[in-house]
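K.L.:
Just a sequence and a predicted model for now, questions to come.
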Amino acid sequence: MNTGQTSQAPEAIVPGWPAATPCPLDIVDSTLIIRRVLGRNPLLNLTGFVKVDPLNPKAECGGFGDVYRGLYTHPLTGDAVEVAVKRCRCNGDSPRYKTQKGIAREMRIWSELDHPNITPFLGYIVEGSRPSFVSEWMKDGSLRSYLRRLNRVESVSIVRGYILQVVLLIDSPHRYWILHADWRTCIDNILVTWDKHAVLTDFGISCMDTISSGYSTSSFSGSTRWQAVELFSLTGDPQFTTQTDVWAFGMTVYEILTKRMPYAKVVLVGRVIRFITEGVLPEKPAFSKNPVDGMIEEFMWSLCEDCWKTDPIERPTMRDLEDRIRFFKELELRV
C-alpha cells in the first residue's frame with residue numbers, strides 16, 4: 001500500500017555516501033543529528049574518505065575516547081594526509097540519541113574555534129553508530145610523551161617556554177567562553193606541533209557559555225589527582241570554574257617539572273582524596289644543583305604552591321600566571 005511517503009536514498013541523506021554501499025539506519029541517524037547541530041555543513045563530513053589503519057595500535061587513550069592514526073584522501077585531488085581519529089567511548093547508561101547529540105554539540109564547539117594554539121577541527125566520520133572526531137596528526141605526540149623523551153638538561157632548558165605556552169593554551173579557551181575541565185589527561189591533550197609549539201586538543205567536556213554567567217560543568221567526574229579541594233565538598237553541588245582550572249594547572253606544572261603525575265606514589269584513589277581534603281599536597285621535588293636550572297625549577301614550584309591555595313579566591317588568575325612567567329623569562333635573560 002502506498003502511504004504517500006517516499007524514502008530517500010542513503011546518498012541523499014548522507015553527503016558523499018556511495019550509492020552502491022549499504023547505509024545502516026544507525027549511521028543515517030548519527031549523521032542527521034550531527035548535520036542538525038553543525039548547521040548542515042557537508043564539508044565537515046569526511047565519512048568514506050578517512051581510513052583508520054587496523055594494524056596500527058591506539059596512539060593515545062583518554063577517558064572519553066581512543067585516538068588512532070588515520071589517512072585522509074582528498075576526494076578531488078587524491079592527495080593523502082595523516083590525520084588523528086578520535087573514536088568516542090560513550091557511557092552505556094546514556095540514551096544513544098542523547099549521547100550522539102552531545103558528541104555533535106562538542107563538534108560544533110570545536111569547529112567554531114579559530115586560534116593558533118588550538119588544533120583545527122577537520123571534520124568527522126561515522127563508524128557504526130558512533131561519530132569520530134578528525135584532526136591533524138601530530139607526529140611528536142603529546143607534551144607528556146615529548147618531555148619524557150628529553151634528558152634532564154634538555155628538559156629544564158626548554159620547559160619554561162612550554163609552561164608559558166600551556167598558560168596561553170588554557171587561558172585561550174576561557175576567552176572563547178569554554179571551561180576545559182578534562183584535566184584527567186591534560187598534558188595528553190596538549191600536543192607538540194612539527195615546529196615545537198604547543199596546541200590544545202580534545203574539547204570533550206567543554207561547555208560554551210560566558211564565564212560571567214556562572215555556568216559551569218558539573219557532570220564530569222574528571223580525575224581525582226587533578227581536582228581542586230572544593231570539588232570534594234560534601235555540601236552543595238561541586239562546580240568546575242576557572243579557579244578549579246588554575247588548581248589543575250598547578251598539577252600540570254608539577255607534571256612537567258617532575259615528569260610524574262600528582263601523588264604518583266599513592267595507588268588508592270580514596271587516599272588521594274583524603275590527602276587533598278586534608279591539605280596534603282604533592283611532595284616538593286629535589287631541584288637541580290645547577291644554579292640557573294635550580295632557579296627555574298624553584299620558580300615553577302612557587303607557581304604550583306600558589307595554584308594550590310585552599311581558598312579559590314586566593315589563587316592567581318591565568319592572566320596573573322602569564323604575567324609572572326613573562327616577567328621571570330625577562331629577568332632570566334638579564335642573569
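P.N.:
All right, it came through fine.

K.L.:
Pretty sure Val229 sits against Glu278.
P.N.:
No - between Val229 and Glu278 there is no contact under Cβ atoms under 8 Å: 9.3 Å. For every residue, glycine as well, the C-beta is placed using N, CA and C.

K.L.:
Against Thr73, how distant is Ala84?
P.N.:
Between Ala84 and Thr73 the computed distance is 16 Å (Cβ to Cβ, to the nearest Å).

K.L.:
Okay, and Leu122 sits in which element?
P.N.:
Using DSSP states H and E, Leu122 sits in strand 121-127.

K.L.:
Compare Ala84 and Thr73 (neighbour count), which wins?
P.N.:
Ala84 (21 against 14; other Cβ atoms under 10 Å).

K.L.:
which residues does that one contact?
P.N.:
59, 67-70, 134-138 (Cβ atoms under 8 Å, 6 or more residues apart in numbering).

K.L.:
for Thr244, same thing?
P.N.:
181, 227-228, 230-231, 312.

K.L.:
can you list the domains in this structure?
P.N.:
The chain resolves into domains spanning 36-136, 141-333 when parsed by the TED database.

K.L.:
Mean pLDDT added to these, as a markdown table?
P.N.:
Listed next are these as a markdown table, based on pLDDT from 0 to 100:
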| stretch | mean pLDDT |
| --- | --- |
| domain 36-136 | 76 |
| domain 141-333 | 76 |
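
K.L.:
Where do the helices of the stretch 101-250 of the chain begin and end?
P.N.:
Under the criterion DSSP state H, counting those that start in this stretch, helices of the stretch 101-250 of the chain are mapped to 143-148, 152-175, 242-258.

K.L.:
Spatially, which residue comes closest to Pro75, not counting chain neighbours?
P.N.:
For Pro75, ignoring the flanking residues on the chain, the nearest one in space by Cβ to Cβ, 6 or more residues apart in numbering is Phe49 at 5.8 Å.

K.L.:
That neighbour and Glu106: what is the separation?
P.N.:
21 Å.

K.L.:
Could you do Thr252 as well?
P.N.:
Counting by Cβ to Cβ, the gap from Thr252 to Glu106 is 22 Å.

K.L.:
Neighbour count: these two, which is higher?
P.N.:
A direct count of neighbours by other Cβ under 10 Å for Thr252 and Glu106 places Thr252 higher, at 25 against 22.

K.L.:
Just the closest of the contacts of Thr244 to Arg271, please.
P.N.:
Lowest distance from Arg271 to these (Cβ to Cβ) belongs to Gln227, with 14.3 Å.

K.L.:
For Gly294, see how far away Ile238 is.
P.N.:
Residue 238: Pro, not Ile. Pro238 is 37 Å from Gly294, where distance means Cβ to Cβ.

K.L.:
Those two: which is more packed in?
P.N.:
Under the criterion of other Cβ under 10 Å, the comparison of Pro238 against Gly294 puts Pro238 first, with 17 against 14.

K.L.:
Excluding sequence neighbours, find me the nearest residue to that one.
P.N.:
Leu231 (4.3 Å).

K.L.:
The one you found against Phe240, yeah?
P.N.:
Yes - the pair Leu231 / Phe240 is scored as a contact, 7.4 Å apart, by Cβ under 8 Å.

K.L.:
PyMOL command for the buried members of the contacts of Thr244?
P.N.:
Selecting only the buried entries of these in PyMOL, with 16 or more other Cβ atoms under 10 Å as the criterion:
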select buried, resi 181+227+228+230+231
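
K.L.:
Just name the closest of the contacts of Thr244 to Leu143, please.
P.N.:
When the contacts of Thr244 are compared against Leu143 (criterion: Cβ to Cβ), the nearest one is Ala181, at 18.3 Å.
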